[in-house]
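Asks: give me a model of this one.
(chains A, B and C)
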Amino acid sequence: MTAAPAPQPGFPDYADKPWLDPKARPFVEVERVVKKFGDFIAVNEVSLKIYRQELFCLLGGSGCGKTTLLRMLAGFENPTSGRILIDGQDMTATPPYERPVNMMFQSYALFPHMSVAQNVGYGLKHEKMSKGERTDRVHEMLALVKLESFARRKPHQLSGGQRQRVALARSLAKNPKLLLLDEPLGALDKKLREQTQFELMNIQAKVGVTFVVVTHDQEEAMALSTRIAVMDRGSVMQVGTPTDVYEFPNCRFTADFVGSINLFEGIVTTIAGSVVTVKADGVEGELEVDHPTPVTVGTPVAVAVRPEKITISRETPTDPDHNCAEGQVLDLGYFGDRSLFRVRLASGRIVLVSHQNVRRARDEERKVDWDDKVWLSWSPRAALVLTE
Amino acid sequence: MSAAAEPSHALPPPRPLGYRLADFASRSWQAILLAVPYLWLLVFFLAPFLIVVKISLALSEIALPPYTSLWQWTEDGALSIQLYFQNYAYLIDDTLYLSGYLNALKIAAISTALCLIVGYPIAYGIARSAPTTRNILLLLVILPFWTSFLLRIYAWMGILNKQGLINNVLVFFGVIDQPIEMMNTDFAVYLGIVYSYLPFMVLPLYVTLEKMDPSLWEAAMDLGSRRWQVFVDVTLPLSVPGIVAGGLLVFIPATGEYVIPALLGNPSSPMIGRVLFDEFYSNRDWPVASAVAVVLLILLVVPILMFQHYQMRQAEEGK
Amino acid sequence: MKLAVTICRRHALRLAATACTLALATPGLTTAAFAQDAEKVVNVYNWVDYIGETTIADFEKETGIKVVYDTYDASETVDAKMMAGRSGYDVVLHGSNFMQRLIKSGVFQKIAKDKLAGYGNLDPEIMKVLADADPGNEYGVPYMWGTVGLTYNMAMVKERLGEDAPLDTLDILFKPEYASKLADCGISVLESPTDVIPMALAYLGKDPNSTNPADYEAVVELFKPIRQYIKTFDSANYLNALPNKELCVAMTWSGDYATASTRAAEAGVDIELAYFIPKSGVPSWFDVWMIPADAPHPENALIFVDYMLRPQVIADATNFTYYANANKAATELVAKEIVEDTAIYPNAETMARLFTRNELPPAADRIRTRAWSKIKTGQ
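Replies: Next up, the predicted model:
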């Protein structure tokens, strides 16, 4: 979805997904890395393999250890234990100024006393290049981020978005093997963020550098990344493509953190082939879920259903395979493209339902409205069983 | 458009009197608040300064007060004003004053530089220490102020003199055979000034260093700079406002310094503070003493204006 | 030992203290304006540690007048306060050499001598000397007095100059052959042009109160060859420097050598200090009680001055401060060892060598101060 390297002969299928290739050599290897601050364990036994030209996201809430992990990659923190290898070389104890790694800081950390060009050219001071080459490189970088005409401005004379691009240009100027981005879009407003998101991906495709991005914004992570590592309390909960993480979360945390989800706690009652039946709290009857991996009867599990996978209707659902529940609309949030319903089941349990507004309708034409008695239904394939 | 917009062509109804009074009061209250700093400067700086200027334009006489009055009512009711500029001319005539000013400026400049060299690492260390230790360290910087300034200078006399602590220790350990002459030297003056004024350098430096975004250092390091390069490229240029503020806070009082050179210094190179003291107390010539003070103030106003200019530029850039 | 608690009145803090007490006077201001002497208060301004141990308390007990007692540590401080006016004091002690100018400026009021019962106790010789500055003794009542001289660390000086050095002359200071030998053990000169320059003029055989600029040039020239041997110009620190053996020759005021000796004894330093009054003549100084023209309680002021004229009161003060007083009737009450100490009560022969300093006209004053700067800077 981002970089499109030429298919390698023999492994065309893996070109886009090197992590599926058992023979591929990871570019960055994080091996059982632990970081403690006093008694506090910020990063707990994290192992990751990141491949060349990936745009890899570390996603998690504040204090989950994602930034600490990034700072260890940059060399600002040393792991308490474990190893970090970059391009096959052990970089665990290498100081930041000797790593082939650059970082774009959350605050951008532009040097306020230097012009845009000086900022971008700062890292080149240490490269063996002539003055002319250096100027050319600065120009090249400014062209990349479309800021050629701003070279002589000072950072405080730029807008937030322009500063962000200067920071990006500066971190790319040295042509690093690995670029670390700490909340790269965090300080921008929503419109700009969406636009910049794609720009970032284009630039990555152009320069072909491996990106590791830290973010707390799951939408940003989904839109940008080749893969996402979801982190919680110092540990990596799941690593996968955005689709993996969203559609096939492996645990309650990931399911809940990435997007919104309805979780019904319950116990497995029967297993028929790949279909698992669960008796869930607060739901009448039993829920059927198409779950390919094995579970045993009696296991406490959670049935997870994304709001947009649930159909809401005033009519009784007809499809006999679908799971259904009856309830009453408690709240209705209209977002234009979709509407969000909060539906209360008879048991008092609240279920979130997202409805795509495919049809144009006036308020009074709305099919389902406040306080309506409604039926919710979803197919067994739309739900998941979570054991962890 | 709502109903409120409709009568836009009509005059707004007159506001109640009470409201208007309150409005007036709050506005004049604001004016008073704004006036306070100006009033302060007027009463405690400008007025005394004008009095000093006035005395500097009079002549010394044996009377109470010991100088002539600048204005007099003549018999026919006219006001006659008599200004004498000879006190200023006198300052130029006698090289004592020029050398006093130059010596004061030299000692103040060197002391300021020494304060910077000593104070910078201290401020840097405090700014980069953990927040809990930071407060203790700041307290330690200010701690000497809890003892009388004079007492501390006397303590230095005890440390520096021939039978003092330093000489005794050095002789005891056989580093030197004969005590070194440290008292009544320029060295002692520099030591005294640096010691006394160091907090004035450290505190503003600390403030600028402390608010510096640590990610700037990391960014520089990330871009390939070693620690000392980071310091030269980033920390130092960004701490210029602190250096200027601290420098002025040391330089200005050090220029007029009297006590330290009087107690520790070498009498053969008097600073202008000493000259001023003699003029006032020994010669009892208030007009010349005032002229010396006015010229000293003018000399010091120049760096202050430079600082002002610099700050304005900074503020402009900060916008 | 009684002297142990006495700190010399010309005390170490003088430099700094005077630096901060510019013109504006405050003490006693609150009592001004009101009630002549209905108020039982008297505001006294004196040298620090320059009175008997219990004098104030005794006076208050006897008269019921509350003494608001304020002290200073440099003559210049008093001078500046008096010239600024409205000091609020009722009685001020000041050096006689400052009197003339202040009297002329109208700072002080005449003393009603007839109201002073003890006026007759005063030494007529001293009154005569004071009449130079205060004709008819109309404004001042003398309190204590003393001289200026050289204090030696005898052992250190003898070690360098031998036994026969003329210690009772200023040759020790002004002749390079002596001064150069003493430079290493430390020579200090009083930081006081009004004392040092008249002494030097007298040494040169000139009028100590000269107004001739050439005479002052001569003094500057006199100092030039020996300036390099002078370690410091100082009126305070020698009290510690002498006991610490950092100085071997110090020009001092008469009472100070006793204080320095005591300090040495306290510190357990075995040292022999001796005070010499140079033959060429030295200034004598007198401290005088005066009443400011605007004193709020002039009647109480007279009561206080009269109390200080009582022989027993003034003798106690001398016994405590080790300074000679101007009260002839009190001499027999002063401790024997003090009266017999010629450094404090000089003998007749020495008395003959003393001279008084007159107030110089402002122009000469300036020439003297300028000469002093030149001397100190060695220009």
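Asks: poorly predicted segments of the stretch 201-350 of chain A, please.
Replies: The stretch 201-350 of chain A contains no residues with pLDDT under 70.
Asks: show me where it has helices.
Replies: Along the stretch 201-350 of chain A, the stretches classed as helices by DSSP state H, counting those that start in this stretch are A:218-224, A:242-247, A:252-257.
Asks: out of these, which is closest to C:G186?
Replies: Nearest to C:G186 among the helices of the stretch 201-350 of chain A is helix A:218-224; the distance by Cβ to Cβ comes to 79.2 Å. C-beta here means a position set from N, CA and C on the backbone, and glycine is covered the same way.
Asks: show me how far that closest one is from its chain's centre.
Replies: 5 Å (Cα atoms, centre = their mean, to the nearest Å).
Asks: list the contacts of the closest residue to chain C within the stretch 201-319 of chain B.
Replies: Proximity of the stretch 201-319 of chain B to chain C (Cβ to the nearest Cβ) peaks at B:Y281, 3.7 Å away. Counting by Cβ atoms under 8 Å, 6 or more residues apart in numbering or on different chains, B:Y281 makes contact with C:18, C:74, C:76, C:79-80.
Asks: out of those residues, which comes closest to B:Y19?
Replies: C:A80 (56.8 Å).
Asks: how about low-confidence regions in chain C?
Replies: C:1-37, C:379.
Asks: is it correct that C:G85 is in contact with B:A63?
Replies: No - contact criterion Cβ atoms under 8 Å: C:G85 and B:A63 do not qualify, at 10.6 Å.
Asks: neighbours of residue 273, how many?
Replies: I went with chain A, as the question did not name one. Neighbour count for A:G273, taken as other Cβ atoms under 10 Å in any protein chain shown: 8.
Asks: nope, chain B please
Replies: 23.
Asks: name the SS class of it, please.
Replies: Classification of B:G273 using DSSP: H, G, I helix; E, B strand; the rest coil returns helix.
Asks: list the contacts for it?
Replies: B:104, B:256-258, B:261-262.
Asks: before we move on, what about A:D281?
Replies: Residues in contact with A:D281, defined by Cβ under 8 Å, 6+ apart, are A:264-266, A:347, A:349.
Asks: can you pull the phi/psi pair for the closest residue to chain A within the stretch 151-300 of chain B?
Replies: Residue of the stretch 151-300 of chain B nearest chain A, by Cβ to the nearest Cβ: B:L223 (3.3 Å). Here is the backbone geometry of B:L223 (degrees, to the nearest 10): phi -90, psi 10.
Asks: and it, how many residues sit next to it?
Replies: Neighbours around B:L223, by other Cβ under 10 Å: 28.
Asks: residues touching it, list them.
Replies: A:97, A:102, A:122-123, A:126, A:170-171, A:174.
Asks: which one of the residues you listed is nearest chain C?
Replies: Taking the contacts of B:L223 together and measuring to chain C by Cβ to the nearest Cβ, the closest member is A:Y122, at 51.3 Å.
Asks: just to revisit the earlier point, just the buried ones from the contacts of B:G273, in ChimeraX syntax?
Replies: The ChimeraX command for the buried members of those (criterion: 16 or more other Cβ atoms under 10 Å in any protein chain shown) is given here:
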select /B:104,256,257,258,261,262
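Asks: pick out whichever of the contacts of B:G273 sits closest to B:I304.
Replies: B:G256 (13.1 Å).
Asks: who are the contact partners of the closest one?
Replies: Counted by Cβ under 8 Å, 6+ apart, B:G256 has contacts B:104, B:272-273, B:276, B:296, B:300.
Asks: tell me which of these has the lowest pLDDT.
Replies: Among those, B:L300 has the lowest pLDDT, at 88.
Asks: doesn't that residue lie inside a strand?
Replies: No - counting by three-state DSSP, B:L300 is not found in a strand; it is helix.
Asks: show me the contacts for it.
Replies: Residues near B:L300 by Cβ under 8 Å, 6+ apart: B:252, B:255-256.
Asks: from these, which is closest to B:F231?
Replies: Distance to B:F231, by Cβ to Cβ, is smallest for B:I252 among the contacts of B:L300, at 27.5 Å.
Asks: pretty sure that closest one is touching B:I304, no?
Replies: Yes - assessed by Cβ under 8 Å, B:I252 is found in contact with B:I304 at 7.2 Å.
Asks: higher neighbour count, these two?
Replies: Shown here are B:I252 and B:I304; by other Cβ under 10 Å, B:I252 has more neighbours (20 against 13).
Asks: returning to what we had before: could the contacts of B:L300 go into JSON lines alongside secondary structure and pLDDT?
Replies: Putting the contacts of B:L300 into JSON lines (DSSP: H, G, I helix; E, B strand; the rest coil; pLDDT from 0 to 100) gives the following:
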{"residue": "B:I252", "secondary structure": "helix", "pLDDT": "91"}
{"residue": "B:T255", "secondary structure": "helix", "pLDDT": "93"}
{"residue": "B:G256", "secondary structure": "coil", "pLDDT": "90"}
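Asks: so who does C:T194 touch?
Replies: Counting by Cβ under 8 Å, 6+ apart, C:T194 touches B:282, C:97, C:283, C:357, C:368.
Asks: ok, and the closest non-adjacent residue to B:P204?
Replies: B:A245 (4.0 Å; Cβ to Cβ, 6 or more residues apart in numbering or on different chains).
Asks: what residues are up against that neighbour?
Replies: Residues in contact with B:A245, defined by Cβ under 8 Å, 6+ apart, are B:204, B:208, B:307.
Asks: elements contacting the helix or strand hosting the second one?
Replies: According to DSSP states H and E, B:T208 maps onto helix B:186-210. Where contact means 3 or more Cβ pairs under 8 Å, 6 or more residues apart in numbering or on different chains; DSSP states H and E, helix B:186-210 is packed against helix B:95-127, helix B:131-142, helix B:149-160, helix B:240-255, helix B:259-264.
Asks: which one of the residues in the stretch 251-388 of chain A is closest to chain C?
Replies: Across the stretch 251-388 of chain A, no residue is closer to chain C than A:F257, which sits at 68.3 Å (Cβ to the nearest Cβ).
Asks: near that residue, how many other residues are there?
Replies: 23.
Asks: was I right about it contacting A:H216?
Replies: No - A:F257 sits out of contact with A:H216 when judged by Cβ under 8 Å, with a separation of 9.7 Å.
Asks: what touches both of these two?
Replies: Common neighbours of A:F257 and A:H216 (Cβ under 8 Å, 6+ apart) are A:59-61.
Asks: distance to C:A293 added to the contacts of B:G256, as JSON lines?
Replies: As requested, the contacts of B:G256 are exported to JSON lines (distance: Cβ to Cβ, whole Å):
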{"residue": "B:A104", "distance to C:A293": "38"}
{"residue": "B:I272", "distance to C:A293": "35"}
{"residue": "B:G273", "distance to C:A293": "33"}
{"residue": "B:L276", "distance to C:A293": "29"}
{"residue": "B:L296", "distance to C:A293": "34"}
{"residue": "B:L300", "distance to C:A293": "38"}
